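S.K.: What would the 3D arrangement of this be:
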Amino acid sequence: MGNYLHSSFWKPDIAIDLGTAMTRIASGTRNLFVVPSIVRGRSVLRSGIVTDDNSVVELLQPLLCKVRKFGIVRPNVVACFPSDASTAELDALRECIFKAGAATVFIVPEPLAAAIGAGMDVASPYAGMIIDIGEGVTDCAVIRSGKIINKKAVRVGCFDLRRLLIKALSSEYKICICENEAERIVRKTGVSRMALADGCVTFWGRSERRGSSELVSMPVKEIQEQIEPITRVMLDVAHRLLQDLSPGIGCEIIENGIFLSGGGALLDGMKERLESRTHIPVILPSKPLESVVAGAREMLPIVALLNGRV
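M.R.: Numbers count the residues shown, from 1 in each chain. So this is what the prediction gives:
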């Protein structure tokens, strides 16, 4: 490790979690810094996938410049991407990072990085399971001896919860709400089928009938019903993956539990819903939003080895 830190002084290694909502960058010597994945008011990704190459380069270029040594030495990069990404999608990400100023680029699956960052012993010969619920992707994987042996992912995430709520309130109640208000409502109500079932949530919306803003009060249970279809999609990823496993691997996961990371892990009731759906204990890391970039940062010494610098 000492040799790694010494070599990193001359050529820095950084980890990048290029997320649908936020981009996180970390290295062995610098603190984590986070920026929205937005350029000129538009997201540079959709469902975890690059939608505009030039915008991704524009987003990453100043960030990579910050970590250059002496302002000129380009960094080596470990970047994360959904486990179901196609070769073309991976190539697009790699090319964007090169154009933004990287010396070398290593792409690793997000669930593997998330598992490491969440505290799973990924090197264990006994299988463990991670479900990473991000802004645009729900990614689930079974890991044993440092490798993903089974995986499932859907291009659905927390963004889809908000989008469904906005659509439902507009079509059924003729109430328009902004993205930030939808975020607040979803965080307030959560996804539990029991908690706050008799309570209400208040929010500001614009009445399409009257054309004016007003304070709206709606039962929590009613809000949860509106976003339930997306919640079920997220939960079903883990359930379907478990159904595909052999009894032996399934028993190992029951013993080790399921790790839950990403923004979806912070939704009230998600842990309990996942436990109810799978009948397996669920483990929450202390900082689920940082699991992916933290795990990628722990892979940096491996990058140094692959580059022959240690």
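S.K.: going forward, measure contacts between C-alpha atoms and count neighbours the same way
M.R.: Fine.
S.K.: Now do the SS call for residue 23.
M.R.: What DSSP: H, G, I helix; E, B strand; the rest coil gives for residue 23 is strand.
S.K.: swap that for residue 17, sorry
M.R.: At residue 17 the chain is in strand, as set by three-state DSSP.
S.K.: tell me which residues form a beta bridge with it?
M.R.: residue 24 (DSSP bridges).
S.K.: For it, give its distance to residue 108.
M.R.: In this view, residue 17 and residue 108 are 10 Å apart by CA to CA, to the nearest Å.
S.K.: Measure how buried residue 180 is and give me the count.
M.R.: Close neighbours of residue 180, defined as other CA atoms under 10 Å, add up to 9.
S.K.: cool, and residue 35?
M.R.: Residue 35: 15 surrounding residues under other CA under 10 Å.
S.K.: That one touches residue 23, doesn't it?
M.R.: Yes. With contact defined as CA atoms under 8 Å, residue 35 counts as touching residue 23 (5.4 Å).
S.K.: who's in contact with the helix or strand hosting residue 218?
M.R.: Secondary structure assigned from DSSP states H and E places residue 218 in strand 213-219. Here strand 213-219 makes contact (CA atoms under 8 Å, 6 or more residues apart in numbering) with 197, 198, 199, 200, 201, 202, 203, 204, 205, 206, 207.
S.K.: among those, who's most crowded?
M.R.: Neighbour max across the contacts of strand 213-219 (other CA under 10 Å) = residue 205, 20 neighbours.
S.K.: Surely that one and residue 173 touch.
M.R.: No. In terms of CA under 8 Å, residue 205 does not count as a neighbour of residue 173; the distance is 10.5 Å.
S.K.: Could you pull out the strands in the stretch 101-250 of the chain for me?
M.R.: Listed in chain order, the strands of the stretch 101-250 of the chain (DSSP state E, counting those that start in this stretch) span 104-109, 128-133, 138-144, 147-154, 175-176, 200-207, 213-219.
S.K.: So what are the sheet partners of the shortest one and their directions?
M.R.: Sheet partners assigned to strand 175-176 using DSSP bridges are listed as strand 200-207 (antiparallel).
S.K.: Parallel or antiparallel, list what pairs with the strand holding residue 218.
M.R.: Counting by DSSP bridges, strand 213-219 is paired with strand 200-207 (antiparallel).
S.K.: how far away is the residue lying closest to residue 242 once chain neighbours are set aside from residue 231?
M.R.: Distances taken as CA to CA, 6 or more residues apart in numbering put residue 250 closest to residue 242, at 6.8 Å, once the chain neighbours are dropped. To residue 231, residue 250 is 23 Å away according to CA to CA.
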